[in-house]
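Novice: Predicted model and sequence below, questions to follow.
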Amino acid sequence: MTERLYWLDPYLQQFTATVVSLTEHNGQPAVILDRTAFYPTGGGQPHDRGTLNGIPVVEVIERESDGAILHVLARPLEAREVEGRIDWERRFDHMQQHTGQHILSQAFLRITGAQTVSFHLGEEVVTIDLDQVGFPPTAVEAVEELANRVVLENREVWARFVEAEEAEGLSLRRPPKVEGRIRIVEVADFDRSACGGTHVRRTGEVGPIKIVKLERRGNETRVSFLCGWRALRDYRRKHRLLLESAGSLSVGEAMLPEAIRALQADLKEARKALMALQELYLDLVLPYLEQRVQPASFGEVLTYVWPQLPSGLLPRLARRLSEGRPRLVLLAAGGADGLLIVACGPGVPVDAREVLRRILVRLGLEGGGGRPDYAQAPVSRVDLQALQRALSEAIG
């Protein structure tokens, strides 16, 4: 079995080893070493990356059949003796996040009584799933406060192996999932859990722990959080957005929520005014359009093109002009938000989708869709004369 150097010293960044076996994994070359500092994917923590004799290690897997650790490589390795180098930035990030998870899980247990049922360390965010729902904001803040207090106290963190009988009397927060000797990770006077992952030596190295989201998932709650450098980068990004948003509204950061509420109120009133104006426009334009209706074998037909029209107004016009009568209505508006609509009233013996398709073919466009009685497609920045000709030819 491979000697796991990452358990002996998670801070080890370089090591030497002997190749025990050359193999493959999913068609890629892989090697088994007599010892390794590369952590394999497991327990919610992703694998390490790095190099063996300069060859990138793209994946590290523990083989279930015998516990051997496979180092999947970007290209074949020919040497028998190797020098391994760990991607330290990635390793230390995982150590921060994983130790932070132990602290946060214990904080949730102490403050709310919620037990962590699963853990996932992702590329951008870390999550734990809790066996409770409905956490009030005050409780979440208390959990975060306790977790960061433990970090600032810079408590010692250590790992050790114990026999199963001894583990039963250790009051582990998380019971072991393996048999035989069990690896215990302990945060001094705070948390004790069975774990095979890599961890920092003291809690101060975890850095800030920040909960960023709670999401209910059935009878469980998924908590997304960040630790250390991830938390700092997240704060920096959000603070920059806060300053930019406040600056764009010419207010201080503390006044930003009030300024946004004021803008929302103004927008609501502006939408009401716009709706009223659009209704007035409809009342004025509908009689004019009715005068442009032409007779057809099945009833009536109407085509009209606007250089530009506010979004949402064209569909309302098409429905009003086609409802309750055997009339084919072809309306279009140009501009950046240009739109083409084909609407068929009752008794019109054509499919609006087919008429729309023929028009788009003439314009060299595609897309859109709808129902047999109503279809539409975007036609932004189309030549208005070409659009008018295409509509006329479609009913010719």
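Specialist: Happy to help now that I have it. Numbers count the residues shown, from 1 in each chain.

Novice: what about this structure, any weak spots by pLDDT?
Specialist: Residues of the chain meeting the criterion pLDDT under 70: 178, 396.

Novice: Now residue 169, what are its backbone angles?
Specialist: phi -100, psi 10 (degrees, to the nearest 10).

Novice: Going forward, the N-terminal residue is numbered 117.
Specialist: New numbering, starting at 117: the last item is residue 285.

Novice: and the gap between it and residue 304?
Specialist: Going from residue 285 to residue 304 by CB to CB, to the nearest Å gives 18 Å. All C-beta spots, glycine's among them, are computed from the backbone N, C-alpha and C.

Novice: okay, the two: which has more neighbours?
Specialist: residue 304 (15 against 8; other CB atoms under 10 Å).

Novice: show me what contacts that one?
Specialist: Residue 304 sits next to 271, 272, 273, 274 when contact means CB atoms under 8 Å, 6 or more residues apart in numbering.

Novice: Kindly report the same for residue 303.
Specialist: Counting by CB under 8 Å, 6+ apart, residue 303 touches 215, 218, 219, 222, 266, 271, 272, 273, 319.

Novice: which SS state does the third one fall under?
Specialist: Secondary structure state of residue 219, per DSSP: H, G, I helix; E, B strand; the rest coil, is helix.

Novice: I'd guessed it sits against residue 324; true?
Specialist: No - Residue 219 is beyond contact range of residue 324, at 11.4 Å (criterion: CB atoms under 8 Å).

Novice: Show me which of the two is the more surrounded one.
Specialist: Per other CB under 10 Å, whichever of residue 219 and residue 324 has more neighbours is residue 219, with 24 against 20.

Novice: what's the more buried one in contact with, if anything?
Specialist: Counting by CB under 8 Å, 6+ apart, residue 219 touches 263, 266, 267, 303, 306, 307, 319, 322, 325.

Novice: And for residue 458?
Specialist: So residue 458 contacts 444, 445, 446, 468, 469, 471, 472, 475, 486, 490, 491, 492 (CB under 8 Å, 6+ apart).

Novice: next one: residue 297
Specialist: By CB under 8 Å, 6+ apart, the neighbours of residue 297 are 277, 278, 279, 280.

Novice: same question, residue 424
Specialist: Counting by CB under 8 Å, 6+ apart, residue 424 makes contact with 449, 450, 451, 454.

Novice: Which parts of the stretch 367-512 of the chain are strands?
Specialist: With DSSP state E, counting those that start in this stretch as the criterion, the stretch 367-512 of the chain has strands at 410-412, 415-422, 443-449, 455-460, 485-487, 490-494.

Novice: and what of the stretch 167-316 of the chain?
Specialist: 171-178, 185-189, 197-202, 232-237, 242-246, 273-278, 298-303, 307-310.

Novice: who's in contact with the third one?
Specialist: Just to be clear, that refers to strand 197-202. Residues outside strand 197-202 that contact it (CB under 8 Å, 6+ apart): 128-135, 147, 149, 152-154, 164-169, 173.

Novice: do the fifth one as well
Specialist: Taking CB under 8 Å, 6+ apart as the criterion, the residues outside strand 242-246 that touch it are 213, 216-217, 220-221, 224, 228, 230-236, 333, 336-343, 346.
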